[in-house]
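Visitor: A structural model of the following input is requested.
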Amino acid sequence: MQLHVQTIVRTICLAAVLCGVLGPGGCQRRPQAAPPPPVPEIAVVTVQPQPVVLTTELPGRTCAYLVAEIRPQVNGLIQKRLFTEGSDVKAGEILYQIDPAPFQAALNTAQAALGRSQANLPSIRSRVGRYKDLLADRAVSQQDYDDATSALNQAEADIQYWQAMAETARINLGYTRVTAPISGRIGRSSVTDGALVTAYQPVALSTIQQLDPIYVDVPQSTTELLRLQRRLEDGRLNRDGANQEKVKLLLEDGTEYPLEGTLQFRDVTVDPTTGSFILRIVFPNPKGVLLPGMFVRAVVEEGIHQQAILIPQQAVSRDLRGNPATLIVDAEEKVQQRRLTLDRTIGDKWLVSSGLTAGDRVLVEGMQKVRPGAAVRVVPPDAARPASAQPAGAKSN
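Guide: Next up is the predicted model:
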């Protein structure tokens, strides 16, 4: 019993000694509360409506301004080709020479027959005059006078006939010189010297194309046309009459053509297979850069959106269904989500049709650190960027 009491006393003394060594807090240590998390820092841009020129980029192909297929108008033998393939020719320039000998002979025959008919005309006309005077004195019969008059009419008709034949022969002789109907660049020749050709044959001797200016035909869907008309009616777009018909062109390699074109007309017929119609644009082509059949992209101006809302592309995210949305900071410095309706991209920004108003503050940096409803602190863009995302040489605050 005494030994048990001594053990209890020794334990109490040891506890007292330990409490004295560890101090007042050594016996009873309470857990401390965790400090509150820091407020996320984000960067925003303030929405400000601004006038923006809206354009549409449409694919198309070039085609020659004028095209003339060269075909002979008389039968004959090609004596000489008088042009260089691939060169520029002028209207009226002789391209081929067809053997003119048979046509010259036909002209000479018609002219000779015309001269013979004209030589007989004065004698017949004088006879009619004398018979007319004698008929009054009943010196000749009415039948003789009628025969003389008929011979005069026949002689005059013969003259007209041979005049027409001579003119036809002269025209055919002129057709032996195959000339260029238009100015432009001529392609390869389908015949050589010595080839026999026929009038109006189906195969053209060559083709001339006028390339300055040049056409660009681009298809536009009727859906886009109706959308544009609705925007104009609603007042969301204004037409700029001075620049409305001006069109820019992008070449196949992506470079911009230095000269602007002019929208000439919109076709009135819709292709039922594609649901589109053709826009025809005229471009100057003094250096021959554009050739028929080239694939190009025309940038057509739709109009001016006076109250366009543009936000950076990185400010837009999409949900699992692909619906676009963005985050904004409200007046209480809290994050809110907004559903958006997007129109198109303009450079590195989205054109917003609905979902934002003037003065909204849209998050552009630090979005991965916040959720809707969270309190945030707005800082300049560079300050909201994480240290790992800052460019080389930049210092983190």
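
Visitor: C-alpha from now on. contacts and neighbour counts both.
Guide: Fine.

Visitor: does residue 222 touch residue 276 like I think?
Guide: Yes. Using Cα atoms under 8 Å, residue 222 is in contact with residue 276, at 5.5 Å.

Visitor: any residues in contact with both of the two?
Guide: residue 270 (Cα atoms under 8 Å, 6 or more residues apart in numbering).

Visitor: neighbour count for the two, which is higher?
Guide: Neighbours were counted for residue 222 and for residue 276 using other Cα atoms under 10 Å; residue 276 has more, 19 against 15.

Visitor: pull the contacting residues for the closest residue to residue 120 other than its chain neighbours.
Guide: Of all residues not flanking residue 120 in the chain, residue 155 sits nearest, at 7.3 Å (Cα to Cα, 6 or more residues apart in numbering). When contacts are counted by Cα under 8 Å, 6+ apart, residue 155 touches 117, 118, 120, 121, 124.

Visitor: for those residues, pick the one with the most neighbours.
Guide: Counting neighbours by other Cα under 10 Å, residue 117 comes out on top of the contacts of residue 155 with 21 neighbours.

Visitor: part of a helix, is that one?
Guide: Yes. Membership of residue 117 in a helix is supported by DSSP: H, G, I helix; E, B strand; the rest coil.

Visitor: not counting sequence-adjacent ones, nearest residue to it?
Guide: Residue 117 sits nearest to residue 159 (Cα to Cα, 6+ apart), 5.5 Å away.

Visitor: now residue 163
Guide: residue 114 (6.2 Å).

Visitor: in TSV: the contacts of residue 155, plus pLDDT and distance to residue 141.
Guide: TSV is the format used below for the contacts of residue 155 (pLDDT from 0 to 100; distance: Cα to Cα, whole Å):
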residue	pLDDT	distance to residue 141
117	89	27
118	89	27
120	87	23
121	87	22
124	85	17
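
Visitor: any chance of CSV for those residues, columns distance to residue 300?
Guide: Listed next are the contacts of residue 155 as CSV, based on distance: Cα to Cα, whole Å:
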residue, distance to residue 300
117, 69
118, 68
120, 73
121, 72
124, 76
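
Visitor: okay, now residue 364: neighbour count?
Guide: Quick note: residue 364 (other Cα under 10 Å) scores 21 neighbours.

Visitor: show me how far the helix or strand encompassing it is from its chain's centre.
Guide: Using DSSP states H and E, residue 364 sits within strand 361-365. Strand 361-365 sits 36 Å away from the centroid of its parent chain (Cα atoms, centre = their mean, to the nearest Å).

Visitor: helices and strands around that strand, which ones?
Guide: Packing contacts for strand 361-365, counted by 3 or more Cα pairs under 8 Å, 6 or more residues apart in numbering; DSSP states H and E, involve strand 41-46, strand 324-329, helix 381-384.

Visitor: chain center to the second one, what's the gap?
Guide: Spelled out, that is strand 324-329. Remark: strand 324-329 is offset 35 Å from the chain centroid, using Cα atoms, centre = their mean.

Visitor: run through who's touching that strand.
Guide: With Cα under 8 Å, 6+ apart as the criterion, strand 324-329 contacts 44, 315-319, 335-342, 360-363, 367, 372.

Visitor: PyMOL command for the buried members of those residues?
Guide: Listed next is the PyMOL selection for buried residues among the contacts of strand 324-329, using 16 or more other Cα atoms under 10 Å:
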select buried, resi 44+315+316+335+336+338+339+340+341+342+360+361+362+363+367
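
Visitor: no more questions from me, cheers.
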